[in-house]
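A.B. asks: Need a 3D model of the following:
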Amino acid sequence: MTSTVQAHAVQGERVALPVRIRDAAVASAMFAVPARAARAVIAYSGLEVAEPLPGRAICSLAFVRYADGDLGPYHEFAVAFLVRPPGADPAGPLGRLRGVGAFIHWLPVNQEFTLEAGRTIWGFPKEIADIPMDLAGRVKRCAVRFGGHTAIEVAVKPGVPMPGGTAAPKLDAYSCMDGVTRRTPWTLTPSDVRTRPGGAKVVLGDHPVAEELRGLGLDRARALSSSTVGHLRMVFDGAEEVRR
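C.D. replies: The predicted model follows:
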């Protein structure tokens, strides 16, 4: 059931729901990967990957600079998979895509406050990492490092401007922590959006998640598309348990 708690205590501070992000910048890339391999990666969640084409799933890599929001400023990197909502009928092409959400498999951040908030309020799999990021240059770059060792590096080349209102304003974000799978309604308001086919370069290190991504072929795959969002506002509601 959806949490009825409207405020949470995080490190002695009150975090009220819904949580609002007033300004963030994002770069991301989407890849088609073998559905069987993706299914094995997220099997612990009990969710099923969406297959836009039979046998192919979608893996997204994204890095975000949060400049102004209820959780403070921080950097974040995300590995996510498109998934079908629990109980959805996969029959036919519309069934494979209707109501898809994003399952957040890995979510390193570089600040302790958002780490605790993300884990306790929504069950997001956040962990602390060093996440150097350059979103000011023509090519957007990010790395995730632990103890000086690089787990992953991503570079996203610039795309062409997109007209306003082309991005979906709402998405369900799914997470699984301590055996509990949750759904969090997520509203997005993007501006200064650019996109293009391909346009991303991925370099993988020796972190366990990097090994999973290598098993999906991301060390040699061409991105389906990549995009940047210059300014993004977001609203996160409370989480609903969908499986335990």
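A.B. asks: For H105, give me its contacts.
C.D. replies: 41-42, 79-81, 125, 209 (C-beta atoms under 8 Å, 6 or more residues apart in numbering). C-beta here means a position set from N, CA and C on the backbone, and glycine is covered the same way.
A.B. asks: closest to P161 among the residues you listed?
C.D. replies: Nearest to P161, judged by C-beta to C-beta, of the contacts of H105 is A80 at 24.5 Å.
A.B. asks: Just give the strands next to the helix or strand hosting the closest one in its sheet, each with its orientation.
C.D. replies: Using DSSP states H and E, A80 sits within strand 74-84. Strand 74-84 has the following strand partners under DSSP bridges: strand 48-49 (antiparallel), strand 56-69 (antiparallel), strand 101-109 (antiparallel).
A.B. asks: Excluding residues flanking it in the chain, which one is nearest V15?
C.D. replies: H8 (4.9 Å; C-beta to C-beta, 6 or more residues apart in numbering).
A.B. asks: Setting aside sequence neighbours, what's the nearest residue to D237?
C.D. replies: P185 (4.4 Å).
A.B. asks: what pairs with the one you found across the strands?
C.D. replies: Residues in beta-bridge contact with P185 (DSSP bridges): D172.
A.B. asks: How many residues are close by it?
C.D. replies: Per other C-beta atoms under 10 Å, the neighbour tally for P185 reads 17.
A.B. asks: After the helix or strand where the residue nearest to V15 lies, which helix or strand is next?
C.D. replies: Using DSSP H and E, H8 sits in strand 7-10. For strand 7-10, the following helix or strand on the C-terminal side (DSSP H and E) is strand 13-16.
A.B. asks: how about that following strand: buried residues?
C.D. replies: V15 (16 or more other C-beta atoms under 10 Å).
A.B. asks: what packs against it?
C.D. replies: strand 7-10 (3 or more C-beta pairs under 8 Å, 6 or more residues apart in numbering; DSSP states H and E).
A.B. asks: Tell me which strands the strand it packs on pairs with, and in which orientation.
C.D. replies: When DSSP bridges is applied, strand 7-10 pairs with strand 13-16 (antiparallel).
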